[in-house]
Structure formats: C-alpha cells, structure tokens
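Novice: Structure for this input, please:
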Amino acid sequence: MSLVALPIFLATVNFSVMFVAFDSIADHFNASDAAVSWTLTGYTITAGSLTIPAGWFADRYGRKRALLLGISVFVAGSALIAIAPTLAVLVVGRLIQAAGLSLQSISALAVVMDVFGPQRRSTAVGGIGGIGGVAAAMGPLIGGLLLDSVGWRWTFFVNVPVGIALVLLLFFGLEVNETTNPDSEPPDSIGIVTLIAGATLFALAVVQSNSWGFTSARTLGAAFAGIAALAAVVRRCRDRTNGILFLPLFGDRIFRLGSFLNLLVAGSFGGLYLAWVNLLDEDGWGYSKRDVGLALSLIPLVAGPLSIAAGRWADRFGHRRIILTGTVMLGLSGVLGLAILDGTANAWSWAIFAVVYGIGVGFGHSASHAAAMVNVPSARLGVGGAMSRIAMDVGSTFSVALVVALALAATTAEAATERALQMLIVVGVIGSIAAAALGDTRGNRPDQ
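Specialist: So this is what the prediction gives:
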C-alpha cells in the first residue's frame, strides 16, 4: 500500500495543481477559458476512455508492468507540458498524461484490492481515497507557491525527476504475485474511439453553448451527435465479448447505483473545484495563487482522513449510511455557500464552508466507488473498477464543461459560483435519493 500510494500521490497532486494554474496558462498563451478548459476535459475524457484498455493490458502483461509503464508515460506527458510552445502542444501533453494515468491508476487499484481481499475491499478503496485527499490538499498549495515564485511550467517539470525516482523504486521494491493472461482478447478499438468522440462532442456543446447559442444548430448538433455516439458504444458492447463496457455488471442493482453515484458525486468534484478557484483568485475575492492553494487545501485535508474512515465504516455498517451522510453534507454545503455569497466573504466563512463540503466529499466519494465494487466478482475486478472509473471521469468531464460554460455566461465570478452551488445542491438531493435506494450491503460478498 505504501509503495502503490506514491504514484497515486503524484498523479493527484498534478490533477489539483492544474486548477490553480488554469488562469496563468490562459494568460501565458492569451487563450480563452473555453480553450484552456480542454486541458481538463480532454484529460478526463482520455483517462476514462482508456481505462478499459489499461485494465486489459494489466491483465494480459501484468499489473506491475502496467504500473511502471503508466508512470513513465505520465512523466513523458509532464515533460512535454513543461516545454510546450503552444496551448495545443500543452493539451497533447495532458492527453499523454491521461494515458499514463489510466494505466497506473487501474493497475494500482487492482494490486491493492487483491492484497486486501474481498472482506476489506471498501477499506482498501478508502485508503486510496485518503492518500488522494492528502495529495489533493498539497497540490494547490505546492502549485500556488511555484506559480508565485517560478511560474506554471515548474508545476509540471517537477514531475519528471520525481517520476523517474518512482519508477526505479517500484521496479526494485514492489513485489506482486502476478497472473497474466496472454490469450485475452484486446478491447474493441472502434468502441474506444466512439466513446472518446461522444464525450468530446457533448463536452464541446456544453463549453461552446454560450458563444454558439444554446439553441443554435452547432450546439444542438454537437450534443445530439455526442449522445448518439455514446449510445452506439452501448449497442456495440451488447454484441461483442471485447466491448469496452461489460454490460452484464449493470444487471446488478448495487453496481448500477454505485456507478451512478460515482458519476454524480465524485464526478462533480472537478467542476466545483474549478468554480472555487475562480471565486477565490484575483478576479473574485482577490486571493494570490499561494493563498488560493492554501484555502483549497482545507477541503481535502478534511476529506482525506474521512475517506479512510468511511471505507472502514462502509465495510462494517454498509455503504448506504456512509454515502447518504456524504450527499446530505454536500447539499448542505451548497446552501451554506449561497448564504456566504449573499453575506460578507471572509476567511472564516470560507473555512466553515470548506469543512462542511470536505465532510461530504470524505463520506461520499470513495464510498460511492466502493459501493459499485461490492458485488463485482474477483475475476472481474479490473473491468468493474475500470467501468466505475469511467463513470467518474464522464461526470468530471461534464461538470468542468458546465462550470466553464457558466463562467463564460456570468458577469462576475460570484454569479458563476452561485450557479455552481445550485448544481451542488442538486447533486446532494439526487445523490441522497440514490444512496437511500442502495439497501443494506453489509452481507454482500462477491464470489471467489
């Protein structure tokens, strides 16, 4: 767990750094927020779409090999971002990073869940969530300090020496009981491309809806084309044994609800995080990059330890109570945030909001992913984890696209954040209904 935590830590720090660097990158390349948003949405689309192929690679060639390759690809993408002469090259670097992330995240999760066993699966996922929480807390602070001192490129360049050291450490130090399957069928490449196209087109429609017009032919055409492409992915998976989605898992009600909660609760974090950055920085409340990072770090500092505890409690008491607590707190934080916007903004009001929101994240995020996995057979852990991860990445893609669209349509950062907080309340209400429908999962154990 300690060794596998290191690449998870590196990737999560980088994920949260990007939000703090968003405005600096836009200013450096003189680009619009809509254009720079593809550094976020392109990242999540690529990571989600390549998760199933990454799981197949790990199953066929070994989890340790997939983990090492994933870190190496992630480092290569970081190096390209650090020297990117144009925004287009930077976006390509982000896509390369995402490809590496898909390999390292799915293999790391499979290694940890295999070691912990089915009886402590939620504890394992909660532990990973706690690691991610600590990393997410440090990411904005590290990024803010680097941005204020040496510039945004260094926030990515530091990944290179750290990543190389991680590859060497894991190569010599990580021992995994590998089982490879050289006869496994490669995943459907056409399905992968179709999934990427569908998610990209739908995100494009949301991001450009303000400039194109909500009812324009381009907006509606991109949205309908995206939906049609995603529907085509499902149709292809019905007729193929190598489809990128293993549809029989959706026959299990717990998996369906857990995946939906992962899309809704965990997926909303990316867009909301971007909204907080816009509110706190110079265009909103006037915080410096360092202070933005310090303020944002409070959320994962609360959420990280709670994720570990929530995993243990979910194994003991069932997932419904844990996730329901999280979704209620998320909705409550949305109401509290709206009250803060209507009153006097200060550090204390932000701290109160951040703690309440952090409690919701801590109870809701990792427990949603764990709920999706509770009935997945051991032989399907890779594909089950990948499908749950796809749900989260799809949610993150659309939440970021929606917040960017809201920011472009709003006249002030406060107005955009108000819409994002209303979205958070909706997430809390719908998430609470879905969590309540989970039922008691304490006795559920996958077959061996």
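Novice: now the helices: where do they sit in the stretch 51-200 of the chain?
Specialist: Taking DSSP state H, counting those that start in this stretch, the helices of the stretch 51-200 of the chain run over residues 51-61, 63-82, 87-116, 121-149, 154-157, 159-173, 189-207.
Novice: will you turn those helices into CSV that also has mean neighbour count?
Specialist: C-beta here means a position set from N, CA and C on the backbone, and glycine is covered the same way. What follows is the helices of the stretch 51-200 of the chain, written out as CSV (neighbours: other C-beta atoms under 10 Å):
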stretch, mean neighbour count
helix 51-61, 24
helix 63-82, 22
helix 87-116, 23
helix 121-149, 24
helix 154-157, 21
helix 159-173, 15
helix 189-207, 21
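Novice: Dump the ones you listed to a markdown table, plus distance to Arg321.
Specialist: Shown next, in a markdown table, are the helices of the stretch 51-200 of the chain (distance: least, C-beta to C-beta, whole Å):
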| stretch | distance to Arg321 |
| --- | --- |
| helix 51-61 | 29 |
| helix 63-82 | 32 |
| helix 87-116 | 21 |
| helix 121-149 | 12 |
| helix 154-157 | 39 |
| helix 159-173 | 36 |
| helix 189-207 | 33 |
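Novice: Out of the ones you listed, which gets nearest to Val13?
Specialist: Comparison of the helices of the stretch 51-200 of the chain against Val13 by C-beta to C-beta identifies helix 121-149 as nearest, at 4.1 Å.
Novice: Which helix or which strand is home to the closest residue to Val206 other than its chain neighbours?
Specialist: Using C-beta to C-beta, 6 or more residues apart in numbering and skipping the chain neighbours, the partner closest in space to Val206 is Ala401 (3.9 Å). For Ala401, the element it lies in under DSSP states H and E is helix 381-409.
Novice: State the mean pLDDT of that helix.
Specialist: Averaged across helix 381-409, the pLDDT comes to 78.
Novice: quick one: average pLDDT of the helix or strand following that helix?
Specialist: With elements assigned by DSSP H and E, the helix or strand that comes after helix 381-409 is helix 413-436. For helix 413-436, the mean per-residue pLDDT is 88.
Novice: now for helix 413-436, which elements pack on it?
Specialist: If contacts are counted by 3 or more C-beta pairs under 8 Å, 6 or more residues apart in numbering; DSSP states H and E, helix 413-436 sits against helix 253-261, helix 268-280, helix 319-342, helix 381-409.
Novice: so Gly226 touches Thr194, yeah?
Specialist: No - in this structure, Gly226 is not within contact of Thr194 by C-beta atoms under 8 Å, at 10.5 Å.
Novice: Can you give me the buried ones in the helix holding Ala401?
Specialist: For helix 381-409, burial by neighbour count (16 or more other C-beta atoms under 10 Å) applies to 381-408.
Novice: cool, stretch 210-226 as well?
Specialist: Within stretch 210-226, the residues scored as buried using 16+ other C-beta under 10 Å are Asn210, Trp212, Thr219, Ala222, Ala223, Ala225, Gly226.
Novice: what sits against the residue nearest to Val158 when sequence neighbours are not counted?
Specialist: Using C-beta to C-beta, 6+ apart and skipping the chain neighbours, the partner closest in space to Val158 is Leu146 (7.6 Å). Contacts for Leu146 were tallied using C-beta atoms under 8 Å, 6 or more residues apart in numbering; they are Trp152, Trp154, Thr155, Val158.
Novice: Which one of these is nearest to Leu272?
Specialist: Checking those against Leu272 with C-beta to C-beta, the nearest one is Thr155 at 21.1 Å.
Novice: wait, isn't the closest one in contact with Gly144?
Specialist: No - the criterion here is C-beta under 8 Å, and Thr155 misses it with Gly144 at 9.3 Å.
Novice: any common contacting residues for these two?
Specialist: Shared contacts of Thr155 and Gly144 (C-beta under 8 Å, 6+ apart): Val20.
Novice: Any figure for the gap between Ala303 and Val361?
Specialist: Separation of Ala303 from Val361 (C-beta to C-beta, to the nearest Å): 4 Å.
Novice: do Leu204 as well
Specialist: Relative to Val361, Leu204 is positioned 28 Å away (C-beta to C-beta).
Novice: what's the answer for Gly48, then?
Specialist: Per C-beta to C-beta, Gly48 is found 20 Å from Val361.
Novice: So if I had to pick from those two, which one is more boxed in?
Specialist: Taking other C-beta atoms under 10 Å, Gly48 and Val361 do not tie; Val361 has more neighbours (30 against 26).
Novice: That one against Leu330, yeah?
Specialist: Yes - contact criterion C-beta under 8 Å: Val361 and Leu330 qualify, at 7.4 Å.
Novice: what bits of the stretch 251-400 of the chain have low per-residue confidence?
Specialist: 282-284, 343-346, 378-382 (pLDDT under 70).
Novice: In TSV, list the helices of the stretch 51-200 of the chain along with mean pLDDT and distance to Ala266.
Specialist: What follows is the helices of the stretch 51-200 of the chain, written out as TSV (pLDDT from 0 to 100; distance: least, C-beta to C-beta, whole Å):
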stretch	mean pLDDT	distance to Ala266
helix 51-61	81	14
helix 63-82	92	20
helix 87-116	86	13
helix 121-149	70	9
helix 154-157	86	24
helix 159-173	90	23
helix 189-207	85	16
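Novice: so which of the ones you listed gets nearest Gly258?
Specialist: Within the helices of the stretch 51-200 of the chain, the stretch nearest Gly258 is helix 121-149; the backing value is 10.9 Å (C-beta to C-beta).
Novice: in which helix or strand would I find the residue nearest to His319 when sequence neighbours are not counted?
Specialist: Of all residues not flanking His319 in the chain, Ala371 sits nearest, at 4.0 Å (C-beta to C-beta, 6+ apart). Applying DSSP H and E as the criterion places Ala371 in helix 347-373.
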